[in-house]
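Q: below: sequence and its predicted model.
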Amino acid sequence: IVFPAWCHSGSTCSLASTICSSSPDRSRVLVSLQLPTMNDLVPTVLIPVSAVLAIIFGLWLWQRVSSISLTPGQSVFRSQNGREYLLEEEQRGDDEVVQKAADIQEAISEGANSFLWTEYKYLGVFMVIMAIAIFALLGSVTPEEGRTRQDEIRNGLFSTIAFVLGAATSILSGFLGMKIATYANARTAVEARKGIAPAFMCAFRSGAVMGFLLAGFGLLNLFIAIVVFQKFYGDDWKGLFEAITGYGLGGSSIALFGRVGGGIYTKAADVGADLVGKVEKDIPEDDPRNPAVIADNVGDNVGDIAGMGADLFGSFAESTCAALVVAAVSELGTSHNWPAMTFPLMISATGILVCIVTTLIATDFKPAKQISEIEHTLKMQLIISTILMTPVALGVAYLALPDTFQLPIPSRTPGQEYDYKAVKNWYMFICVACGLWGGLIIGLQTEYFTSNRYRPTQDVADACRTGPATDIIFGLALGYKSCIIPCIVIAIAIYIANSLAGMLGVACAALGMLTTLSTGLAIDAYGPISDNAGGIAEMAGMGEDIRERTDALDAAGNTTAAIGKGFAIGSAALVSLALFGAYVTRAKIDLLQSSILDPKVFAGLLIGAMLPYWFSAMTMKSVGKAALAMVEEVRRQFNTISGLMEGTARPDYSRCVQISTDSSLREMIAPGRCC
């Protein structure tokens, strides 16, 4: 029975390869295997094309947002159903309102740019130091059996290049997300005068720009790095994908400082604006008389947009790299099966295509047209993308992976490098599906605990009747309770994935949770954009009816921001185990050496469990110190600027922005050093 030509290229299952290699006449054997296969050209085309499509789609959405004019004299005073309507700001003229919104947007954009450029200078120094350390450490290790000193130097060099590329991609993703957010906030406020639907479409399209640009650049740069590195590594795929792990390290390193620095900034500004403005001076939120109001709106962008973007990119890069490292030492890597090795990348690539279809539903086919539809529309984005991605992941697993392959797992026998597990292609689909549906469950339960439509948030609001103390106690209790379901979901996903495909399965489960990354980021970025739109509407004096619409968008945005954090934390838990598994597999550490009964391992677990508390204590203290400086400055301006409370004098917004910038960048160093 004749095997086709691809039998000899290593692109079939292990059984066929064994039969072919053992037969004197490799074209004829005594058995027949009818297995679906994928040509090497398919992933080579699919992955970069999907990434480029994501970038093009994101830029197209950006162009649609830019069609909303902030030029005075070009606005249309008609509602979405075409009828004329009267608004409070018409008494002062449309041009004045639009111009004021544009000025506020420019101030927010300048503040965000100032913070990010200053932060990136610090990160540039950090990248140089880390790059030197990575090259020095990896280039000086003692070569293992079968490797030479030149191999280790090459590994150090390319790991350093991958680290810099990952860090640069993370910076680019966060910066582009911040740019579109500060570009769209005023436009969302202006569109809110026409109705809920135009404002919702503007905010969600803007969030989708960030989602697709991040997913596109992240996948494209990783694929290009693999292809270029392959020219130097040749058939040494184990060394190739070991060097690629620097990409994930670079992304997660920038994410650490992006989240900490941006988080300190936004909370310091928020506390300063609310404590003095709302509590002491009894003025509304986002009132233009509050000196910290611009800094507060800037913080939404640098913390919840740039920081979250870098965070999720880091999780995506790390989970992909962990899967590639484990796969490289398996039969997939040793047989040089290109489609199977790129399975994690193809999952992400097809996820982009699914997210494009899903996004069009919310932006064009069925946008939210009433306040009651906003949360439902956003929730359906998660549900639809998960449902569509499930059969797609099944198809990729069946077409890209061999029917069965051998996977090395940590040995149970001391002195033995590995035990081996036979993994079927549909096992990998189950692993991806565990992460995919686990992410959806975490997202839905997060919505339940944070949405004002459900009992938990209503109970917290009801607790306010007896004062802030009982409200805080009740809120903390619900916060702790909200952790139960995500922990159970993650535990089940880890158990199933590890049982079926070892640490490769855990890595693919983490990747499955991030398969709909573009949609998840769009939903997350929508929140801060809507929040900024509400602030701009208040500061520009657009009237109560417009503020009511932006408040509705913002309320849904607070929930979606929590959903984004749920995805980030859930995927991070899976990624951390996947990275540990990749290390154990690559370092050939057996189960006895990594058992928690080993005193050194158990001691390490205790120290690791303590680190989040240490880190949290340092960041909370940093927020407190930065907020103290902000409160003192806001009080000083209210006490010294004549006419500020009456609205006849302009506060010094730039001074508050500078305080938040300096404090957050100074205070982020200690928590970063802790990690």
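A: Structure's in. What do you need? Numbers count the residues shown, from 1 in each chain.
Q: strands along the stretch 1-150 of the chain, start to end?
A: Using DSSP state E, counting those that start in this stretch, the stretch 1-150 of the chain contains no strands.
Q: and the longest helix seen in the chain, what does it pack onto?
A: Counting residues, the longest helix in the chain under DSSP state H turns out to be helix 94-139. In this structure, helix 94-139 packs against helix 149-191, helix 237-272, helix 293-301, helix 517-539, helix 653-667, with contacts taken as 3 or more Cβ pairs under 8 Å, 6 or more residues apart in numbering; DSSP states H and E. The way it works is simple: take the backbone N, C-alpha and C, and place the C-beta from them, glycine included.
Q: in the protein, which residue is most central in space?
A: The geometric centre of the chain, computed from its C-alpha atoms, lies nearest to Leu312 (Cα atoms, centre = their mean), at 2.0 Å.
Q: contacts only, for that residue.
A: When contacts are counted by Cβ atoms under 8 Å, 6 or more residues apart in numbering, Leu312 is found next to Leu214, Leu514, Leu517, Gly520, Leu521, Asp524, Gly564, Phe567, Ala568, Ser571.
Q: what's the closest of the residues you listed to Val45?
A: For Val45, the closest of the contacts of Leu312 turns out to be Leu517, at 21.2 Å, with distances computed as Cβ to Cβ.
Q: so for that closest one, what's the pLDDT?
A: Among the per-residue scores, Leu517 shows a pLDDT of 88.
Q: which helix or strand contains the residue nearest to the centre of the chain?
A: Leu312 is part of helix 308-328 when elements are defined by DSSP states H and E.
Q: tilt between that helix and helix 149-191?
A: Helix 308-328 runs at 150 degrees relative to helix 149-191, counting by axes from the mean of the first three to the mean of the last three Cα atoms, to 10 degrees.
Q: remind me what the helix or strand following helix 308-328 packs against, helices and strands.
A: Once the chain leaves helix 308-328, the next helix or strand it forms, by DSSP H and E, is helix 331-334. With contacts defined as 3+ Cβ pairs under 8 Å, 6+ apart, the packing partners of helix 331-334 are helix 237-272, helix 338-341, strand 404-410.
Q: show me what the shortest one is in contact with.
A: Which is helix 338-341. 11, 37-40, 42-44, 237, 241, 324, 327-328, 332-333, 346, 399-402, 405.
Q: please pick the buried ones from those.
A: The neighbour-count test (16 or more other Cβ atoms under 10 Å) applied to the contacts of helix 338-341 identifies 11, 37-38, 40, 42-43, 237, 241, 324, 327-328, 332-333, 346, 399-402, 405 as buried.
Q: in what helix or strand does Met646 lie?
A: That one is not Met; residue 646 is Glu. Secondary structure here is read from DSSP H and E; on that basis Glu646 sits in neither a helix nor a strand.
Q: for Gly643, find the nearest of the helices and strands packed on helix 331-334.
A: In terms of Cβ to Cβ, the element of the helices and strands packed on helix 331-334 nearest to Gly643 is helix 237-272, at 21.1 Å.
Q: got the angle for the closest one vs helix 149-191?
A: Here helix 237-272 runs at 40 degrees with respect to helix 149-191, directions being taken by the same axes, to 10 degrees.
Q: average pLDDT for helix 237-272, rounded please.
A: 88.
Q: over to stretch 488-499?
A: According to the model, stretch 488-499 has a mean pLDDT of 93.
Q: next: stretch 437-457.
A: Looking at stretch 437-457 alone, the average pLDDT works out to 88.
Q: chain center to it, what's the gap?
A: Here stretch 437-457 shows a centroid-to-chain-centroid distance of 19 Å under the convention Cα atoms, centre = their mean, to the nearest Å.
Q: just stretch 222-230 next, same as before
A: The gap between the average C-alpha position of stretch 222-230 and the chain average comes to 22 Å, counting by Cα atoms, centre = their mean.
Q: which residues does that stretch contact?
A: When contacts are taken as Cβ under 8 Å, 6+ apart, the neighbours of stretch 222-230 outside the stretch itself are 47-48, 51, 158, 161-162, 165, 240-241, 243-244, 247, 317, 320, 345.
Q: what is the end-to-end distance of stretch 593-602?
A: One end of stretch 593-602 sits 11 Å from the other (Cα to Cα, to the nearest Å).
Q: quick one: contacts of it?
A: By Cβ under 8 Å, 6+ apart, the list of residues contacting stretch 593-602 from outside reads Pro410, Val584, Leu592, Leu605.
Q: look at the first one and report its pLDDT.
A: Same thing as Pro410. Note for Pro410: predicted pLDDT of 79.
Q: tell me the strands in the stretch 401-550 of the chain, going along the chain?
A: When secondary structure is read from DSSP E, counting those that start in this stretch, the stretch 401-550 of the chain shows strands at 404-410, 418-424.
Q: pairing partners for the first one, with directions?
A: In this case it means strand 404-410. With DSSP bridges as the criterion, the sheet partners recorded for strand 404-410 are strand 418-424 (antiparallel).
Q: and the strand it pairs with, which residues are buried?
A: For strand 418-424, a neighbour-count test (16+ other Cβ under 10 Å) marks Tyr418, Lys421, Val423, Lys424 as buried.
Q: hmm, back to that, kindly reformat the contacts of Leu312 as a markdown table containing neighbour count.
A: Written out in a markdown table, the entries for the contacts of Leu312 read as follows (neighbours: other Cβ atoms under 10 Å):
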| residue | neighbour count |
| --- | --- |
| Leu214 | 30 |
| Leu514 | 31 |
| Leu517 | 29 |
| Gly520 | 29 |
| Leu521 | 30 |
| Asp524 | 29 |
| Gly564 | 25 |
| Phe567 | 27 |
| Ala568 | 21 |
| Ser571 | 31 |
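Q: kindly indicate which of those residues lies nearest Trp60.
A: Using Cβ to Cβ, those come closest to Trp60 at Leu214, 15.7 Å.
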